[in-house]
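# have a look at this fold, sequence not included:
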């Protein structure tokens, strides 16, 4: 009996439903014993979807094996009291020592841009003070040209004329 084309396409896309498919990761890691290992190897030889998935798992495993697992230490902000008692330095000095020992990865362009921004702000603050002192300038009245007046004292003689006015009623 011949299967329709759509059914064949669907079957090709569908993952393998066998129990061996679920054991691919354990097979890759070497966690299964000899008999089960031989069964999985036979299944991989016959099933192309499982073989393709096994190759993907191998590739991912190799890629992940190249990563270096960092030595995880306790974060700076979680200092144990017993650790503080063992040290003779004050807690603030210990915290600063741990903080300075941290390695912070900053991309070079970001570091350069931040440094230039800090230098620019510092230069602007140092060259242009916020409060400008105003020097006392000459008052506006003093800037107008003054007219000089001279006082001359001249002796003046005054004559007082007194006349009598007579009424002409007589």
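Arrived safely. It should be emphasised that the depicted structure is a prediction, and the values quoted were computed from it without experimental measurement.
# kindly report the domain assignment for this protein.
The domain map for the chain lists 5-65, 71-102, with the assignment taken from automatic domain parsing.
# lowest-confidence stretch among those?
In terms of average pLDDT, domain 71-102 trails the rest of the domains of the chain, at a mean of 65.
# what's the average pLDDT for the lengthiest helix in the chain?
Within the chain, and with DSSP state H defining each element, the longest helix by residue count is helix 108-127. Averaging the model's pLDDT scores along helix 108-127 yields 90.
# which other residues reach it?
Contacts with helix 108-127, where a contact means C-beta atoms under 8 Å, 6 or more residues apart in numbering, come from residue 106. All C-beta atoms are positioned from the backbone trio N, CA, C, and that covers glycine.
# what's the answer for stretch 34-48, then?
Here stretch 34-48 makes contact (C-beta under 8 Å, 6+ apart) with 16, 18, 20, 21, 23, 24, 27, 32, 50, 51, 54.
# and these, which of them are in strands?
Taking DSSP state E as the definition of strands, the contacts of stretch 34-48 contribute nothing to them.
# give me the buried entries from those.
16, 20, 21, 23, 24, 27, 50, 54 (16 or more other C-beta atoms under 10 Å).
# just flag the most distant two among those.
Distance extremes for those: the farthest pair is 16 and 27 at 13.4 Å, using C-beta to C-beta.
# go through the buried ones among the contacts of stretch 34-48 and flag which are in helices.
24, 27, 50, 54.
# I'd say the first one and residue 55 touch.
When you say that, I think you mean residue 24. No: using C-beta atoms under 8 Å, residue 24 makes no contact with residue 55, being 10.2 Å away.
# show me where the chain has helices.
Using DSSP H, the helices of the chain run over residues 5-13, 24-29, 34-46, 48-65, 81-86, 91-101, 108-127, 140-143.
# tell me which residues of the fourth one come out buried.
Yep, that's helix 48-65 we're talking about. Buried residues in helix 48-65, counting neighbours by 16+ other C-beta under 10 Å, are found at 50, 53, 54.
# quick one: residue 71 from residue 114, how far?
Residue 71 sits at a distance of 29 Å from residue 114 (criterion: C-beta to C-beta, to the nearest Å).
# got it, and residue 157?
With distances defined as C-beta to C-beta, the gap from residue 157 to residue 114 amounts to 94 Å.
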